[in-house]
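Peer 1: what shape does this take:
(2 chains)
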Amino acid sequence: NAGVTQTPKFRVLKTGQSMTLLCAQDMNHEYMYWYRQDPGMGLRLIHYSVGEGTTAKGEVPDGYNVSRLKKQNFLLGLESAAPSQTSVYFCASSYSRTSMNTEAFFGQGTRLTVV
Amino acid sequence: AQSVAQPEDQVNVAEGNPLTVKCTYSVSGNPYLFWYVQYPNRGLQFLLKYITGDNLVKGSYGFEAEFNKSQTSFHLKKPSALVSDSALYFCAVRDPPLTSGTYKYIFGTGTRLKVLA
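Peer 2: Numbering: from 1, shown residues only, chains lettered A, B, ... in the order given. Have a look, this model is predicted:
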């Protein structure tokens, strides 16, 4: 059981380049999330999804887009990377509100550097 | 707005001594509270949670946390610290349901625990 898998694990981009981060979960979770982690700021929610085909903005959505075409996958896109997007990105997933299993499960993270 | 505060950026404790990592929250309704640990270059690992019931909850690796509604706190504790407990600890609260029924996890800024041999 792999849990939550993120690819790639590391990436260096030049300013203005685009890329997609992939998150895959094999736990049949309804909810999925993208967070970024920056020193002293904890984890901030970028976008989230409560089901296949649905997405919503989190706390810091600007400069990012997401898609959830399949229940198990949640993609995070950067259309035109900026140095301010240098961060560690974490994907997480959880069961829906009707489940007693309330905790979120996290991937190992993607370290992105924009130069 | 819902929020979580971890007032200490770093906590130092000697091995074998008890440890406490503090967390306070602000949330409307009944809070769902969580503690996660992050080791270097790793993702977050779930430690324990409070949903309802006993105010003292036990979790992984000998950790426990005490929910105090009157003080709106959820402090993480361990009776005897190990060097291997050194890591970054995050407190989190789950957003109460909105009209769309979403559940967002709101995290504190993290507390770095250093256990000294």
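Peer 1: so the most centrally placed residue in chain A, which of the three states?
Peer 2: For chain A, the residue nearest the mean C-alpha position is A:Trp34 (2.7 Å; Cα atoms, centre = their mean). Here A:Trp34 is strand, with the state taken from DSSP: H, G, I helix; E, B strand; the rest coil.
Peer 1: which residues does it bridge with?
Peer 2: A:His47, A:Cys91 (DSSP bridges).
Peer 1: gap between it and B:Asn55?
Peer 2: A:Trp34 sits 33 Å away from B:Asn55, going by Cβ to Cβ, to the nearest Å. Heads up, the C-betas are built off the backbone N, CA and C, glycines and all.
Peer 1: buried sites along stretch A:93-112?
Peer 2: Burial within stretch A:93-112, assessed by neighbour count using 16 or more other Cβ atoms under 10 Å in any protein chain shown, is assigned to A:93-95, A:102-112.
Peer 1: hmm, which two among these are most spread apart?
Peer 2: A:Thr102 and A:Leu112 (29.2 Å; Cβ to Cβ).
Peer 1: flag every residue of chain A that's near chain B.
Peer 2: For chain A, the residues in contact with chain B (Cβ under 8 Å from any Cβ of the partner chain) are A:4, A:31, A:33, A:35, A:40-45, A:48, A:50, A:56, A:58, A:90, A:92, A:94, A:96-97, A:100, A:102-109.
Peer 1: taking those one by one, which sit in helices?
Peer 2: Judged by DSSP state H, helices contain none of those.
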